[in-house]
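Colleague: Quick one: sequence and predicted model below, then my questions.
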2 protein chains.
Amino acid sequence: MYRTHTCGELRLANVGQTVTLAGWVQRTRKMGGMTFVDVRDRYGITQIVFEDKPTSSSSEKGGNLFEQANRLGREYVVQVTGCVSERSNKNQNLPTGDIEIIATQLNVLNESVTPPFTIEDQSDGGDDLRMKYRYLDLRRTPVRRNLELRHKMTMEVRRYLDSLGFLEIETPMLIGSTPEGARDFVVPSRMNPGQFYALPQSPQTLKQLLMVSGMDRYFQIVKCFRDEDLRADRQPEFTQIDCEMSFVTQEDILQTFEGMAKHLFRQLRGIELEGAFPRMTWADAMKYYGSDKPDTRFDMRFVELKDVFQKAPGFSVFDEATYIGGICAKGQAVYTRKQLDQLTDFVKRPQIGAKGLVYARVQEDGTVKSSVDKFYGPEVLGELKERMQAEPGDLILILSGDDAMRTRKQLCELRLEMGARMGLRDKNKFALLWVIDFPMFEWSEEEGRLMATHHPFTHPKDEDIPLLDTDPAAVRADAYDMVCNGVEVGGGSIRIHDPELQDKMFRILGFTEERAQEQFGFLMNAFKYGAPPHGGLAYGLDRWVSLFAGLDSIRDCIAFPKNNSGRDVMLDAPARLEQKQLDELYLDIKKLPE
Amino acid sequence: MYRTHTCGELRLANVGQTVTLAGWVQRTRKMGGMTFVDVRDRYGITQIVFEDKPTSSSSEKGGNLFEQANRLGREYVVQVTGCVSERSNKNQNLPTGDIEIIATQLNVLNESVTPPFTIEDQSDGGDDLRMKYRYLDLRRTPVRRNLELRHKMTMEVRRYLDSLGFLEIETPMLIGSTPEGARDFVVPSRMNPGQFYALPQSPQTLKQLLMVSGMDRYFQIVKCFRDEDLRADRQPEFTQIDCEMSFVTQEDILQTFEGMAKHLFRQLRGIELEGAFPRMTWADAMKYYGSDKPDTRFDMRFVELKDVFQKAPGFSVFDEATYIGGICAKGQAVYTRKQLDQLTDFVKRPQIGAKGLVYARVQEDGTVKSSVDKFYGPEVLGELKERMQAEPGDLILILSGDDAMRTRKQLCELRLEMGARMGLRDKNKFALLWVIDFPMFEWSEEEGRLMATHHPFTHPKDEDIPLLDTDPAAVRADAYDMVCNGVEVGGGSIRIHDPELQDKMFRILGFTEERAQEQFGFLMNAFKYGAPPHGGLAYGLDRWVSLFAGLDSIRDCIAFPKNNSGRDVMLDAPARLEQKQLDELYLDIKKLPE
């Protein structure tokens, strides 16, 4: 046996016991005739004391022990036996801080060269270095805690869903390629030369087949894959909590997964989320927050102001705008000119693209001082104040433009920036809501046709079905997203189970019958054999863990993540293959771009 | 709400309640003025009664209802409301057999065309048809039960390992290719043209890195991939319960996973496995059973007989054999000449390849009557009987050959065949054991060098380490397999954590330093930073589920399996890609074989 206890386990109650621990040398300190060694494992840190004096058993052995201890380097792997003793100098920051081990035996299990960065909560290693030596980075407590949280979260997800009769069913990883949507990773088959599997972007169609098969309640915590340029917070492989239910309405699904979110908050963060989650239509979310994933930890809703400023034409920017919207930043009238210039620069950044920022301060006497005073008199400004429900000390920020949607998105960025500046986006506060009634279709300029907002299997709202023939762009879907703190943490829809309605949907989306058959024939065929009404939802696991852990990036909650070029710098993958491997697959590499 | 209860839920206690059920029409029977419809969902079957008479509420409605019911076809999806009533004619085979629903409302949620095979426990559909329409096959109770068992099994595995402090950690699916061993599936990267990821054959090196990172106890239920010709019971993607522990000896691992096996038998089959699992060295397993995965549900061990027959030369087959071995089939002296000829044909089949079979019956009077009576007198045959511990009525079966290992494997097949004929291989009886002390290396004729029996990271037995320099072929490893009923259900080893020993191992395996660095550099590098002693094990989930479910093939416990050519006939994958997809990956397909 390598150890009797872990390094996080011993307390005052163990004093007097002879124990054996194993772990890594966190640090050593020599003080007078004693050497203190902190030994670390996943469970904690325990202080070991080596005394420079003959031990009771053998003077020679004791001497050697002390010298041995003084030769220990950082990250050596050691096994130590000794007696648990009460510390005179207790360390309140350490669960084991009341005790120490008076060593009687030391066994170096493995040595270590000097690590490329310090294995401390705050490391001196840069991102790239830490990724290359990820196995050392994972020794750091904050990183390890993320993986522990991830484990605990998946356990709780399974416990909750199992208790409701959901079955976890594995769907295949080697499936067929579906050119619709984002890009598939493909996998050549040696046994079927010239042919390829694809890795699933999601098990969407497979879980629908499981509903056709009567599985009733399915879930899976499953790897999904997307071969596309990685935005800031995307990984080529990511993990979904994928769920589907039969004989349910949207209401059943929202209830079930609201329950899951509450369960997770309770079990993982000790937070009791009271009451039902607010529900907001997509239209309202866009109108009041300029986003389909509003951060509702704070209010600061958009107020439409076009009609206010219309009353006194003269300021051409506003006169020509089709949309004017404002937000009211409570108590921020103290903003200096310099701070307001910074805000103006912020909204004018190319990523946001506003042309300018209009502001108005409500002064102590109730009058309004704005950047457009020369165009508007006290009457209009007074109405502005009233419309914004602004009070003395408040700052009103206004954006305008000729594309309402685009301007709202700009105003959304400004609102989030103000929320951050005002400390309203506390990582330990959680605001959850459902965004519902998404539009069924989006117009794609690139493709010159309507595209499915969610996917082609989404059920339109019953009352909007007649619009499919007359005004498809106006059709709303039985689709819903769960949003937390401005992040979409999950989303799904009720699916079409009627083969005729599905056919119609494919036609609207511009599929020829042949192409629909080619790509989704197996699903449409399955639907002929009695598909039940069904619907589901998928949560992004990486995102959920990041949220609970208070992380800025999903990368930090993944054991071995890839970088923004999709590379694993630790494994040095992807890499070139040997010619022999390519030959076996009947593949040639074309001349590559320079 | 689509339903108030499931189709498996209602009992006598519910009589008088108005309920709504939803499910599939299993069958309809018209009897006099009534139509009986069995409605099925995942949870069970409930009988619905439609009466040909005006209902209390509306005569017209009642009439329509009956007609509607008579139009229902097999596998229609229906929603039925009615009153729970006690049956006069109870069905004891059905949990809901005490009640029926007197229907007051029927809603056809979806129709179905006629299924290509019957959705019954015993279907009339052939294998290929059932695979093509797997979503219908999954509606059959025996198939669905396999998936339910699989779900329950993974839940219990996680519960057990979580309770011991194991963390489930996801390792990446897109890793680097390692040409050693079986063949990788490779995945071209669009973002890194000309370069490929590989799908893991196992997370072996990654879980070792997790041990270097101090994760201490890891597990993962994870998909693994192998692109090779599929033997009878292999799938290109399969699921492993993959585990690794730090600061452990082989003994710790055997204890931990023996505990897991006992937990699973208790939870899934209600079987209490008493006492410690027997342990058998690989050498003994080969000697007594001719297999490294002996079926120990029955004894019938091999007895070596060379010295017995040596005493009376004359029968050239035995005289020239280097190995003669026998088994004793209790009570089988009644075998007729015809049956013995069948056995002879059995061992002479090309897959087994024995040259012939010698047999001896122990007669009621204790004398022995054998097929080699003309070569051996009563003295040798008497010694044979004694050596075999044979009694009157027993049948002794003997094989011989000039390659002991090959002959033992033939005798193994004969032993299994006799066990099956004698009814000793009961699917509801479970015999577990550990096979330990595997040889470290195997000689590969093909490669002309020693190959690792398990993998290059396996730790040799401490006492055999000196032999690495002198007689590597004799080195035994700290490697172990868990065997149940003649099936290897899991296996693993203690790993090397000493970089120098690992270097030596690579040299013995014929790796140049460059090649070792190229393929395993990241792992060898990691080992320089303080690798703890560690070891682990992987269970084949598919195999475990098959075992518990009493299945002949792992295919039956996989939701959407592939066929022997690695094809998913339902999805029709793999398939050719569009030229556009190939172009984006800078790939060309060479001229394919005819």
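Modeller: Okay, I see it.
Colleague: which residue ranges form the helices in the stretch 51-200 of chain A?
Modeller: A:59-70, A:127-132, A:134-137, A:141-163 (DSSP state H, counting those that start in this stretch).
Colleague: pull the helix or strand with minimum mean pLDDT from chain A.
Modeller: helix A:59-70 (a mean of 74; mean pLDDT, DSSP states H and E).
Colleague: Under a three-state scheme, what state does A:Leu399 occupy?
Modeller: strand (DSSP: H, G, I helix; E, B strand; the rest coil).
Colleague: Setting aside sequence neighbours, what's the nearest residue to A:Thr96?
Modeller: Spatial nearest neighbour of A:Thr96, chain neighbours left out: A:Thr46 (4.9 Å); criterion: CB to CB, 6 or more residues apart in numbering or on different chains. All C-beta atoms are positioned from the backbone trio N, CA, C, and that covers glycine.
Colleague: Pretty sure that neighbour sits against A:Cys7.
Modeller: Yes - counting by CB atoms under 8 Å, A:Thr46 touches A:Cys7, with 4.5 Å between them.
Colleague: shared neighbours of the two, anything?
Modeller: Contact with both A:Thr46 and A:Cys7 is made by residues A:21, A:23, A:39, A:96, according to CB atoms under 8 Å, 6 or more residues apart in numbering or on different chains.
Colleague: related to what we said a few turns ago, show me what the helix or strand harbouring the residue nearest to A:Thr96 is packed up against.
Modeller: A:Thr46 is located in strand A:44-51, with elements delineated by DSSP states H and E. Applying 3 or more CB pairs under 8 Å, 6 or more residues apart in numbering or on different chains; DSSP states H and E, we find strand A:44-51 packed against strand A:18-31, strand A:34-41, helix A:59-70, strand A:77-86, strand A:99-110.
Colleague: for the second one, the distance to its chain's centre please.
Modeller: On the basis of CA atoms, centre = their mean, to the nearest Å, the separation between the geometric centre of strand A:34-41 and that of its chain is 37 Å.
Colleague: Stretch A:2-21 now?
Modeller: Counting by CA atoms, centre = their mean, stretch A:2-21 comes out at 39 Å from the chain centroid.
Colleague: And stretch A:12-30, what's buried?
Modeller: Across stretch A:12-30, burial judged by 16 or more other CB atoms under 10 Å in any protein chain shown covers A:14, A:19-26, A:28.
Colleague: do the same with stretch A:442-456
Modeller: A:450-456.
Colleague: Now the one residue in the stretch 351-500 of chain A that gets nearest to chain B: closest residue in space that isn't a chain neighbour?
Modeller: Nearest to chain B in the stretch 351-500 of chain A, going by CB to the nearest CB, is A:His497, at a distance of 6.0 Å. In space, and not counting its chain neighbours, A:His497 is closest to A:Ala531: 4.2 Å by CB to CB, 6+ apart.
Colleague: Spit out the contact partners of the one you found.
Modeller: Counting by CB under 8 Å, 6+ apart, A:Ala531 has contacts A:208, A:211-212, A:497-499, B:77, B:110.
Colleague: cutoff 6 Å now
Modeller: A:212, A:497, B:110 (CB atoms under 6 Å, 6 or more residues apart in numbering or on different chains).
Colleague: show me what contacts the last one?
Modeller: Contact criterion CB under 6 Å, 6+ apart gives A:530-531, B:77 as the residues in contact with B:Asn110.
Colleague: swap the cut-off to 10 Å and go again
Modeller: A:212, A:497-499, A:527-533, B:24, B:75-78 (CB atoms under 10 Å, 6 or more residues apart in numbering or on different chains).
Colleague: Then the second one?
Modeller: When contacts are counted by CB under 10 Å, 6+ apart, A:His497 is found next to A:208, A:211-212, A:246, A:457, A:459, A:527, A:530-535, B:77, B:109-110.
Colleague: Drop the exposed ones from those and show what's left.
Modeller: The buried subset of the contacts of A:His497 - by 16+ other CB under 10 Å - is A:208, A:211-212, A:246, A:457, A:459, A:527, A:530-535, B:77, B:109-110.
Colleague: Sketch out the low-pLDDT regions of chain A for me.
Modeller: A:54-63, A:179-182, A:231-232 (pLDDT under 70).
Colleague: Domain parsing of it, as residue ranges.
Modeller: Per the record, chain A has its domains at A:12-110, A:145-279+A:432-557, A:298-421, by automatic domain parsing.
Colleague: tell me the most buried of these?
Modeller: domain A:145-279+A:432-557 (a mean of 19; mean count of other CB atoms under 10 Å in any protein chain shown).
Colleague: Give me the distance between stretch A:562-581 and the centre of its chain.
Modeller: Per CA atoms, centre = their mean, the centroid offset for stretch A:562-581 relative to its chain is 25 Å.
Colleague: how far does stretch A:503-513 stretch from start to finish?
Modeller: Start-to-end span of stretch A:503-513 (CA to CA, to the nearest Å) is 8 Å.
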